[in-house]
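> below is the structure, and that's it, no one-letter string:
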């Protein structure tokens, strides 16, 4: 309510009350028994003047009045705002600290920073002074957390989860709830204890007002009455805060009866005029301070100072003489209106700034939509786009506030744009995750093979298999990062373990091969020196002995493996002299191989040998069929033709080879069956 209106209304009330008081005092009141009549005449005169003014008013003047009324309405609003703020501060003096606690740009802060700021306020500031700050923090935190939660839910669903099963435990949210609950408990506890004191103080102030009312018309010395009045004023000053909902009404009532009392003091004008003079001087000081506020650059500080001045005007300083009341209040009110205009101008500047922020945010939303409409389909580029979106998100929050009327709409558009990008992003990573899971399963299979073979001594076949799975490993794509390092470490360790053993074995073999070479050289020299005796059986027995000795020496260095060819060449020459068929000679040589396989008792080696023989049989048959088909082209050619003779020779050669390989396979099967029977007999003996 306007203070000017208050004083004007109080003036009218005071005039009537004062008149009534004067009439009650009979003729002792300056001998003016016609005061009531004069007042009535004055009121009637005023009504006539107003009526004439209204009659003469034109439409243009009405427009001016409406404009003035609108301006006064705005001024009334700022005065009401000040009244409410003064009432809030009066309830608890610590409330005034809220004006001194800076409000940060909570909109631009992250959730973690909002929690930190809330903790700082709750720990370090008066709980009753931070409500506006806490409300602002909570509003921004709730918006940001809701967006964050929706993002996590979209990720959960995109990874195959069901919305009903979505749960998310946020440490930041839990911390915020804990601090906010602490704030509420402190605030509730504070106001619970404050409420009792406020009610007691209210009752005490109402009692003081009643006592002031009781001072009028008492039959005692006026000086004694004035002394009692001053004591009641002191009691009022010490009465303490009251509920803000009663503040303005109680103070209005108090001032009303103070002025009535001063009007009553006309019996002792000297006392009254001294107080009026003092109050006028104090109010003039307040007016001067209010008018000087235009020079304070900090608008917030200036407005807080204005609130303090209004509080002093209301609580600390009493009424002034009637002839000064309207003038002094008009000056104070004009200073307040000037401050209000400064605030309005400032708000216009803010509105312009908010409009600029809106343009920035709309541009950011547009940029996000552009990225969302062209989401990459490979991890590297998509990661760059994710960083781009994060940068745009940060820029959006740092862009500042927008006009309140479009705030929710802008926020919704921003969330929808980000959600659109996240939808495509999550779809990509869902498929990528599926692919990586398949790769993980493949690599685990290869790891199991490597671990199973790492201690194998079947060097030839195992080495080929190890190289094969290493090649497969390289072809398989990425796996989930949390498994990647360990999986590779385990696979590498298994492969290294095997190849370290292989190299160690080869080093040993190389030494043995050198020794074997020396022995085979000696054996070869003995074979070269061997002379046939003419006894076929004796000679074959000796040749078999050479073969057995040769096979017993094992491998020779790879670069000298041609020594085996030299040995076989000499053997073939000897077999030819003894008229031994090629098949028989091959089987004689193969007998030592069978003996070696039997001694090793290695199932894998036997299986590999069988596979090798069968492949040779298959290859020989295939080549034989091709040669026989070729003969059809020479059906009209002479059998004496060199070409025909060569084909016939090759056909016979392949037929012999097939029979030889079959004979070798038969020997191998016989040997394997014998090993099986021996093993079964060994088991029977143990039982």
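Ah, there it is. Bear in mind that the values here come from a model prediction, so they are computed numbers and not experimental data.

> before we move on, what SS does the residue sitting nearest the centre point of the chain have?
Centroid-nearest residue in the chain, with Cα atoms, centre = their mean: residue 148, separated by 6.5 Å. What DSSP: H, G, I helix; E, B strand; the rest coil gives for residue 148 is helix.

> now for it: which residues touch it?
Applying Cβ atoms under 8 Å, 6 or more residues apart in numbering, we find residue 148 in contact with 111, 170. Backbone N, C-alpha and C define where each C-beta goes, glycine included.

> what about it, distance to residue 112?
The spacing between residue 148 and residue 112, counted by Cβ to Cβ, to the nearest Å, is 11 Å.

> one more: residue 395?
19 Å.

> for residue 496, same thing?
Residue 496 is 45 Å from residue 112, by Cβ to Cβ.

> check residue 161 too.
Distance of residue 161 to residue 112, given as Cβ to Cβ: 26 Å.

> residue ranges with poor pLDDT in the stretch 101-250 of the chain?
The model of the stretch 101-250 of the chain has pLDDT under 70 over residues 158-160.

> and if we set it to 50?
Counting by pLDDT under 50, the stretch 101-250 of the chain has no low-confidence residues at all.

> same question for the host helix or strand of residue 409, mean pLDDT?
According to DSSP states H and E, residue 409 maps onto helix 404-453. Helix 404-453 shows a mean pLDDT of 90 in the predicted model.

> I'd like the next helix or strand past that helix.
Per DSSP H and E, helix 404-453 leads on to helix 459-475 as the next helix or strand towards the C-terminus.

> what helices or strands is that following helix leaning on?
In terms of contacts (3 or more Cβ pairs under 8 Å, 6 or more residues apart in numbering; DSSP states H and E), helix 459-475 is packed against helix 404-453, helix 481-529.

> ok, for residue 212, nearest residue in space, not its chain neighbours?
Nearest residue to residue 212, sequence neighbours excluded (Cβ to Cβ, 6 or more residues apart in numbering): residue 257, at 5.0 Å.

> quick check: domain ranges of this protein?
Listed by automatic domain parsing, the domain ranges of the chain are 92-242, 454-580, 592-687.

> what distance separates the first one from the middle of the whole chain?
Just to be clear, that refers to domain 92-242. 31 Å (Cα atoms, centre = their mean, to the nearest Å).

> residue contacts, the nearest residue to residue 422 once chain neighbours are set aside?
Excluding the flanking residues, the one nearest residue 422 by Cβ to Cβ, 6+ apart is residue 154, at 5.4 Å. The contact partners of residue 154, by Cβ under 8 Å, 6+ apart, come to 419, 422-423, 426.

> what pLDDT does the residue located most distally from the centre of the chain get?
Distance from the C-alpha centroid of the chain, by Cα atoms, centre = their mean, peaks at residue 534 (96.8 Å). At residue 534, the model reports a pLDDT of 87.

> sorry, back to before: tell me the spacing between the residue nearest to the centre of the chain and residue 177.
Relative to residue 177, and taking Cβ to Cβ, residue 148 is found at 15 Å.

> coming back round to it: for the helix holding residue 409, name the packing helices and strands.
The helices and strands touching helix 404-453, judged by 3+ Cβ pairs under 8 Å, 6+ apart, are helix 131-158, helix 322-372, helix 379-398, helix 459-475, helix 481-529.

> which of the ones you listed sits closest to residue 678?
Closest approach to residue 678 among the helices and strands packed on helix 404-453 is made by helix 459-475 (24.5 Å; Cβ to Cβ).

> list the buried residues for the closest one?
462, 465-466, 469, 473 (16 or more other Cβ atoms under 10 Å).

> can you check stretch 139-157 too?
Counting neighbours by 16+ other Cβ under 10 Å, stretch 139-157 gives 140-141, 144-145, 147, 154-157 as buried.

> and the angle from the helix or strand containing the residue nearest to residue 212 to helix 322-372?
Using DSSP H and E, residue 257 maps to helix 244-264. Interaxial angle, helix 244-264 versus helix 322-372 (axes from the mean of the first three to the mean of the last three Cα atoms, to 10 degrees): 160 degrees.

> for helix 244-264, the distance to its chain's centre please.
Offset of helix 244-264 from its chain centre (Cα atoms, centre = their mean): 58 Å.

> what do you get for stretch 648-661?
With Cα atoms, centre = their mean as the basis, the mean position of stretch 648-661 lies at 77 Å from the chain mean.

> contacting residues around it?
Identification of contacts with stretch 648-661 by Cβ under 8 Å, 6+ apart yields 582-583, 586-587, 613, 616-617, 620-621, 623-624, 627-628, 631, 639.

> now with 7 Å?
Residues outside stretch 648-661 that contact it (Cβ atoms under 7 Å, 6 or more residues apart in numbering) are 582-583, 586, 613, 616-617, 620-621, 623-624, 627-628.

> filter these down to just the buried residues.
Buried among the contacts of stretch 648-661 by 16+ other Cβ under 10 Å: 583, 586, 613, 616-617, 620, 623-624, 627.

> adding pLDDT, secondary structure and distance to residue 679, write those residues out as TSV.
Listed next are those as TSV, based on pLDDT from 0 to 100; DSSP: H, G, I helix; E, B strand; the rest coil; distance: Cβ to Cβ, whole Å:
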residue	pLDDT	secondary structure	distance to residue 679
583	78	helix	31
586	79	helix	29
613	89	helix	23
616	88	helix	28
617	90	helix	28
620	88	helix	33
623	89	helix	38
624	87	helix	38
627	84	helix	43
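
> I figured residue 166 hits residue 153, correct?
Yes. Using Cβ atoms under 7 Å, residue 166 is in contact with residue 153, at 5.1 Å.

> tell me the one of the contacts of residue 154 nearest residue 563?
Nearest member of the contacts of residue 154 to residue 563, counting by Cβ to Cβ, is residue 426, at 68.2 Å.

> show me what contacts the residue farthest from the centre of the chain?
Listed by Cβ under 7 Å, 6+ apart, the contact set of residue 534 is empty.
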